[in-house]
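Visitor: sequence plus the predicted model coming up.
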Amino acid sequence: MEVAARAGVDPGRTQRLWRALGFADVGDDERVFTDADVDALATLGALIDSGFVDRGSEASIARAIGQSLSRLADWQTDMLAALLRDRPGGDPDGAGDAARAAELLLPLMRDVQDYVWRRHLAANAERLIAAGPDVAADRRELAVGFADLVAYTSRSRGMGGRELGAMVEDFEGLTADLVARHHGRVVKTVGDGVLFTCSTAVDAVEIGLRLPEEWAAEDRPPLRVGAAYGPVLTRLGDVYSPVVNLASRLTSLARPGTLLVDQDLARLLRGQRAYRVRPLRRVSVRGYDHLQPWLVRRRPGQPAPGEDTGPFEDFLDDYADDVLATDDDR
């Protein structure tokens, strides 16, 4: 390939990276590449050869970049198309309007994307520095949460495209706002659900309690949340761990409008007077025998320590605390 030769990168490797970025193969005789493609390939090769990216993971990293930016480009194209469609007047075929809009908007989008990327890079660098040199960068203790729209499939069948799109946009917008407010990170969204992580149990619980409350409306399907705490492997922006699977199972067990957590996360809530935790009946689900879910609720009025909350509730508080303390001492 001429592009590979000019960039000084092996042709087989060039094709592998090209596909990993999400682009289709093109014939050797097709004139579809520019000097910018050659420069980009040479830059990618230099980045890998620098040792910053090892050869074994170069395709995975290219795939992660390609998938993320492809989704961003899809959204931006749809937004541009909607803008042109709704604009009165203009060219009959829209080609002139599209070219003018792209010329105006694309540089602005590029500048905003660069700013957001730099801010996220700085925030993650700050987190690594705070963790210290002895902590593995890709392994952390995190709270992992799932939020899931109940009966989404049956509800969405009766909705038009715009109505469904508006509901999904509202759901993703609320989730992103609430997770950011409580120092968390949205890992990914999948139509009817969202996966998020937090550094602390309290932040995860606040998100898990507030999401169903702030989402609730008669014309929306209810929301349920599950969360678990433990060691998590972070890789290419995603998270992997039995903790992730456990949070997913707890979500499937939760009743609409409620938050279920695992025992490790419940234990971290000991001494937090803002919440009540209650052990529920053990159940067996795929991958877990005798799983113990814990229901988390907000304590009404958040009473001060020592304030009377009723003898039965006090008894349940003491019982839950004893169970968590006993397991902690084993």
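Guide: All right, it came through fine. Residues are numbered from 1 along each chain as shown.
Visitor: what helix or strand is residue 276 located in?
Guide: strand 275-279 (DSSP states H and E).
Visitor: make that residue 145, sorry
Guide: Counting by DSSP H and E, residue 145 is found in strand 139-149.
Visitor: can you check residue 224 too?
Guide: Short version: residue 224 belongs to strand 223-235, going by DSSP H and E.
Visitor: contacting residues for residue 59?
Guide: 16, 17, 20 (Cβ atoms under 8 Å, 6 or more residues apart in numbering). Heads up, the C-betas are built off the backbone N, CA and C, glycines and all.
Visitor: err, residue 60, not the other one
Guide: 20, 236 are the contacts of residue 60 under Cβ under 8 Å, 6+ apart.
Visitor: please report the distance of it from residue 144.
Guide: With distances taken as Cβ to Cβ, to the nearest Å, residue 60 is found 21 Å from residue 144.
Visitor: kindly report the same for residue 106.
Guide: Residue 106 is 36 Å from residue 144, by Cβ to Cβ.
Visitor: more neighbours: the two, which one.
Guide: residue 144 (26 against 12; other Cβ atoms under 10 Å).
Visitor: give the contact list for that one.
Guide: 195-197, 204, 227-229, 232, 239, 241, 243-244, 247.
Visitor: same check on residue 220?
Guide: By Cβ under 8 Å, 6+ apart, residue 220 lies in contact with 167, 170.
Visitor: ok, now with 7 Å
Guide: Residues near residue 220 by Cβ atoms under 7 Å, 6 or more residues apart in numbering: residue 167.
Visitor: the stretch 201-330 of the chain: helices as residue ranges?
Guide: 201-215, 242-253, 263-267, 311-329 (DSSP state H, counting those that start in this stretch).
Visitor: give me whichever of these is most buried.
Guide: helix 263-267 (a mean of 23; mean count of other Cβ atoms under 10 Å).
Visitor: other SSEs contacting that helix?
Guide: On a contact count with 3 or more Cβ pairs under 7 Å, 6 or more residues apart in numbering; DSSP states H and E, helix 263-267 meets strand 223-235, helix 311-329.
Visitor: one more time with 10 Å, if that's ok
Guide: Packing partners of helix 263-267 (3 or more Cβ pairs under 10 Å, 6 or more residues apart in numbering; DSSP states H and E): strand 139-149, helix 201-215, strand 223-235, helix 242-253, strand 275-279, strand 294-298, helix 311-329.
Visitor: re earlier: which of the helices of the stretch 201-330 of the chain sits closest to residue 33?
Guide: helix 242-253 (39.9 Å; Cβ to Cβ).
Visitor: tilt between the strand holding residue 145 and helix 242-253?
Guide: Angle, strand 139-149 to helix 242-253, by axes from the mean of the first three to the mean of the last three Cα atoms, to 10 degrees: 20 degrees.
Visitor: would you mark the buried spots in strand 139-149?
Guide: Residues of strand 139-149 classed as buried by neighbour count (16 or more other Cβ atoms under 10 Å): 140, 142, 143, 144, 145, 146, 147, 148, 149.
Visitor: name the strands paired with that strand and say parallel or antiparallel.
Guide: strand 193-198 (antiparallel), strand 223-235 (antiparallel) (DSSP bridges).
Visitor: centre-most residue in the chain?
Guide: Nearest residue to the geometric centre of the chain (Cα atoms, centre = their mean): residue 187, 1.8 Å.
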